[in-house]
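Student: Structure for the following, please:
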Amino acid sequence: MAKYSLLKKAVFITGAAGGIGAATARVLHARGANLVLTGRNASSLTDLARELGEERALPLSVDVTDRASLHSAMAHTIDRFGALDVVFANAAIGPDVPATIATVDPELFERIIEVNLLGVWCTVREALPHIIASHGHVLVTSSTYAYINGVVNAPYAASKAGIEQFARALRVELAMHGATAGVLYPGWVRTPMTRSALGGHELTTRMREVAFPRLLAAAISPEVVARQAVQGIERRTTRITVPRRWQPVGILRGIVNPLSDHLLSRHTKLQPLLRTLEDTARSGAMPPAYSSVQPIASATLSP
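Tutor: Alright, predicted model coming up:
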């Protein structure tokens, strides 16, 4: 397939205020794309648009769980750029501190599903008529959590697994229209959402270190993800795994998953940490981990 040129293409990005979304916007802009930067942090979006140049960057405050808000944003996109060629459904949220299913705040669990899964559904559904008309491309941000065990991150992992299945169906259904769809699977990425697992919270950082092999536990920058994501759009790639060291795990998930579930259930270091996490949550000593849960966050918690 010939390279899909992004020059003068209109790209709609959710979760563009920071992290993976903002980093990807910068790479897309360098490729000559016109950008619609959406999120809930209006000041960050405005700053990014000014940095990139407002002639080719339109900042819009959008709630991905509100279809009316998205419909209006799509209309603004067409008014400004004349078409909508690419959608990068990237917005996602997660808790500051992970929790077990027995202790997670039910409201938090449901809000993560609402934003991460239903937000992608709403974004893509509103964009589809335009994507079909332009024979364009849809990229959704899932995670390696789509196929690894979601221990203490069950709502996040469930949402990312759902996104993967959604995008797989979408790609097949778009083929008859000459349009395409792909899935982005980041591993651990240094963003505000991952700070607790990357040194910001001693217990959850230790859990990441003992649950993942050192090579897979290593974190990368949003800029690394952004470069791979844009290359994937240009190639209309079905699956983009960043970093690539996660690819064997995804490919061999049918074998790896049962083994990892078995090992984690009996892990002599992880299980005591899980007990401590749950006991601490029940005692009320740990904060409710709700401060990062906004209608739209700027980047995904990855994996």
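
Student: roughly how far apart are I233 and F166?
Tutor: As defined by C-beta to C-beta, to the nearest Å, I233 lies at a distance of 18 Å from F166. For every residue, glycine as well, the C-beta is placed using N, CA and C.

Student: Pick out whichever of those two has more residues nearby.
Tutor: Neighbour totals were compared for I233 and F166, and I233 leads with 29 against 19 (other C-beta atoms under 10 Å).

Student: what's near enough to touch that one?
Tutor: Residues near I233 by C-beta atoms under 8 Å, 6 or more residues apart in numbering: Y4, L6, L28, V86, F88, H137, L139, G182.

Student: So the second one versus R235, what's the distance?
Tutor: Spelled out, it's L6. L6 is 11 Å from R235, by C-beta to C-beta.

Student: Tell me which of the two has more neighbours.
Tutor: Ranked by neighbour count (other C-beta under 10 Å), L6 and R235 place L6 first, with 22 against 16.

Student: hey, where'd the helices end up in the stretch 201-303 of the chain?
Tutor: Counting by DSSP state H, counting those that start in this stretch, the segments of the stretch 201-303 of the chain that form helices are 202-211, 214-217, 222-235, 247-251, 253-265, 270-283.

Student: The stretch 1-150 of the chain too?
Tutor: 19-30, 42-52, 67-81, 106-113, 119-134.

Student: Show me which residues of the second one are buried.
Tutor: In other words, helix 42-52. S44, L45, T46, L48, A49, L52 (16 or more other C-beta atoms under 10 Å).

Student: The fourth one against A22, yeah?
Tutor: Right, L48. Yes: L48 is in contact with A22 according to C-beta atoms under 8 Å; the separation is 5.7 Å.

Student: overlap in contacts of the two?
Tutor: With C-beta under 8 Å, 6+ apart, L48 and A22 have common neighbours A16.

Student: Pull the contacting residues for the closest residue to A218 other than its chain neighbours.
Tutor: Computed as C-beta to C-beta, 6 or more residues apart in numbering, the closest residue to A218 that is not its neighbour in sequence is W188, at 6.8 Å. Counting by C-beta under 8 Å, 6+ apart, W188 touches T194, A197, L198, R208, L216, A217, A218, A219, I220, S302, P303.

Student: what's the answer for T103, then?
Tutor: Per C-beta under 8 Å, 6+ apart, neighbours of T103: E278, A281, R282.

Student: Can you tell me how far the first one is from I163?
Tutor: Going from E278 to I163 by C-beta to C-beta gives 27 Å.
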